[in-house]
Each structure stands twice: as C-alpha cells, then as structure tokens.
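next input, structure requested:
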Amino acid sequence: MILIEEVARSPLAAWESFYVVVGSSGAALTGLQFVGIAIIAESKRGSTLREISAFGTPTIVHFCGVLLMSALVSAPWQGLTRLAFALGTCGVAGVIYGLITLKRARQQSGYRPVFEDWLWHAVLPIFAYAVLVISAALLPGFPQRTLFAIGGVSLLLLFIGIHNAWDAVTYITLGPESQKPKPKPKR
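Numbers count the residues shown, from 1 in each chain. Just a heads-up that it's a prediction; the model follows:
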C-alpha cells in the first residue's frame, strides 16, 4: 500500500531500481575504463594524448554522465522542474562535449576513423544528449512518457561506453593492422 502511494505521489519512485542498476553499472564501467587506459599505457604501441582525448576520455564522460543522470533522478526532488533543469543542463553540456569530441577525432592523426567510429564516438552520443535536452524540457508536463526517454538515453550512453571501451581494447590488443580491410580472395 505504501509503495502504491509513493508511486502515485512521485513518478520518479517507480524508476528507483532502474537507476540503481544503471548508475552502478556506469560507475563500475568507469573503473574498468581506467584499467583499460593502464593497459594502453603499458602496451608497446602507445597512444598519443590526442587519440585518448578523442576516443578514451569521451567513454569516461559517457559513463559518468550515466552515473550523474542516475543520481539526479534518484535524488529527493520536491518537483520535476528543478530536475528537468539539471537534466537539461547535462544534456546541453553533453551536446557541446560531443561536438568537441568530434573536432578532436578529426584533428588527431594516430588513427583514421571509419564510419562505425564516427557513429559510435560522435553521432550516437550527440543524439543521446540532444534527446536528453528535449526530454528535460518535456519532463514537467509529461513525466510518465518522458521518464522512458530519459531511461533510454541512460541505456544508450551506457551501451555507447561499453562499445567504445571494447573497441579501444581490441584495437590496442590487435594493433592497427586489424583495421585494414582484408584483401578479397582471387578466384
């Protein structure tokens, strides 16, 4: 009975478990990314600061963004307007950071990004943060529907971070040769 009253009072209460799981995942994966960077530092093929700024640091930012969003949605807000402002601010910062990341990826010369890199490192993160901005603007008026969009953004950023971290580790493990297209067999 108390749970039903709490959910009726605040649409955020129903999302508590979701954000505990997503936020914890973002925090744990942030730690694992630090391990990945340590592996890169010890590898024979070192990365430049420009490569790490373009491809490694954004992964940490996305994981931390998920952690921050989870903390914000889990906080005991008195209303949705302040939460909407906080999430909107995160979204705007994310879009700006995504554009900076795009610029950094274009300026670095140690790795030549392919379509998949542009998609996962630039397009999808900017899209996710833009959806967060729109969702934040709609949150006070349409909380039930908008909270699903915000949850989707959290998961998308988590999956982007997982993909990009795995991509970086496999690149370091296999080396730049793994990025070259294999020749087609002759008949």
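
so which helix or strand of this structure has the lowest pLDDT on average?
Within the chain, confidence by mean pLDDT, DSSP states H and E is lowest for helix 2-9 among all helices and strands, at a mean of 44.

what ranges in the chain fall below the confidence cut-off?
Residues of the chain meeting the criterion pLDDT under 70: 1-9, 27, 30-54, 172-187.

hang on, I126 packs against L99?
Yes: look at I126 against L99 with C-beta atoms under 8 Å: they come within range, at 6.9 Å. Any C-beta I mention is one placed from the backbone N, CA and C, and that applies to glycine too.

okay, the two: which has more neighbours?
I126 (18 against 14; other C-beta atoms under 10 Å).

which element is that one on?
helix 124-138 (DSSP states H and E).

again with W118
Judged by DSSP H and E, W118 forms part of helix 115-118.

show residues contacting that helix.
Identification of contacts with helix 115-118 by C-beta atoms under 8 Å, 6 or more residues apart in numbering yields F55, A105, D167.

right, and T59 touches G161 too?
Yes: using C-beta under 8 Å, T59 makes contact with G161 at a distance of 5.0 Å.

about what we covered before: helices and strands around the helix holding I126, which ones?
Using 3 or more C-beta pairs under 8 Å, 6 or more residues apart in numbering; DSSP states H and E, the elements in contact with helix 124-138 are helix 57-74, helix 80-107, helix 143-174.

now, of the ones you listed, which is deepest in the fold?
Highest mean neighbour count of the helices and strands packed on helix 124-138: helix 57-74, a mean of 22 (counted as mean count of other C-beta atoms under 10 Å).

quick one: that helix to helix 124-138, angle?
Angle of helix 57-74 versus helix 124-138, following axes from the mean of the first three to the mean of the last three C-alpha atoms, to 10 degrees, is 20 degrees.

does H121 count as helix, strand or coil?
For H121, the assignment made with DSSP: H, G, I helix; E, B strand; the rest coil gives helix.

you'd agree it is up against A105?
Yes: the pair formed by H121 and A105 meets the contact definition of C-beta under 8 Å, at 6.1 Å.

A128 contacts L155, correct?
No: taking contacts as C-beta under 8 Å, A128 lies outside contact range of L155: 9.4 Å.

list the contacts of L139.
L80, L83, A84, L87, T146, L147, I150.

any idea how far it lies from G98?
21 Å (C-beta to C-beta, to the nearest Å).

repeat that for G26.
G26 is 17 Å from G98, by C-beta to C-beta.

rewinding a little: return the closest of the contacts of L139 with respect to V66.
I150 (11.1 Å; C-beta to C-beta).

burial count for the nearest residue to that closest one once chain neighbours are set aside?
Leaving aside its sequence neighbours, I150 sits nearest to S135 (C-beta to C-beta, 6 or more residues apart in numbering; 5.0 Å). Neighbour count for S135, taken as other C-beta under 10 Å: 23.
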